[in-house]
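Engineer: attaching a predicted model along with its sequence, questions to come.
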Amino acid sequence: MSNLIDLINAGSINAGEELIWKRRAENQGHFAVVNLDGSISTSDGIKHRTPSGAARHLNGGRPVDGWLTWKLKRTGKSLSSLRSV
């Protein structure tokens, strides 16, 4: 599976699922929500097409692998781990 809508359709993740990105180096955390269309809305209200796009936005435009950084708040599993299921 290659995108969030595939994970939603497969039942691996739900719309409304809360995501967290804990950044130890900066001693901060970011929060986001998965939308029904497979996009992600960050806590500042901006909608992103991909996990990496959402992470890049919060990282000052610097590239970040959002599939690895974003974790499900309820389980702590990375989005990347759900792709391989």
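Structural biologist: Nice, thanks for sending it over.
Engineer: how far away is Thr75 from Gly53?
Structural biologist: 23 Å (CB to CB, to the nearest Å). Bear in mind the C-beta positions are built from the backbone N, C-alpha and C, glycine included.
Engineer: more crowded one of the two?
Structural biologist: Ranked by neighbour count (other CB atoms under 10 Å), Thr75 and Gly53 place Gly53 first, with 18 against 10.
Engineer: is Gly45 in a helix, a strand, or coil?
Structural biologist: Here Gly45 is coil, with the state taken from DSSP: H, G, I helix; E, B strand; the rest coil.
Engineer: phi first, then psi, for it.
Structural biologist: phi 90, psi 0 (degrees, to the nearest 10).
Engineer: okay, now it: neighbour count?
Structural biologist: By other CB under 10 Å, 6 other residues sit near Gly45.
Engineer: measure it to His57 for me?
Structural biologist: According to CB to CB, Gly45 stands 11 Å off from His57.
Engineer: show me the shaky parts of this structure.
Structural biologist: For the chain, the stretches flagged by pLDDT under 70 are 1, 85.
Engineer: can you show me the strands along it?
Structural biologist: 18-23, 28-34, 40-42, 47-48, 71-72 (DSSP state E).
Engineer: any idea which of those is most buried?
Structural biologist: Most buried of the strands of the chain, by mean neighbour count (mean count of other CB atoms under 10 Å): strand 40-42, with a mean of 20.
Engineer: the helices in the protein, which residues?
Structural biologist: Secondary structure of the chain by DSSP state H: the helices cover 4-10, 51-58, 66-69, 79-83.
Engineer: for the first one, packing partners?
Structural biologist: On a contact count with 3 or more CB pairs under 8 Å, 6 or more residues apart in numbering; DSSP states H and E, helix 4-10 meets helix 79-83.
Engineer: what residues sit buried inside the helix it packs on?
Structural biologist: By neighbour count on 16 or more other CB atoms under 10 Å, the buried set for helix 79-83 is Leu79, Leu82.
Engineer: sorry, back to before: of the strands of the chain, which is nearest Ser12?
Structural biologist: strand 71-72 (9.8 Å; CB to CB).
Engineer: what packs against that closest one?
Structural biologist: With contacts defined as 3+ CB pairs under 8 Å, 6+ apart, strand 71-72 has these neighbours: strand 18-23, helix 79-83.
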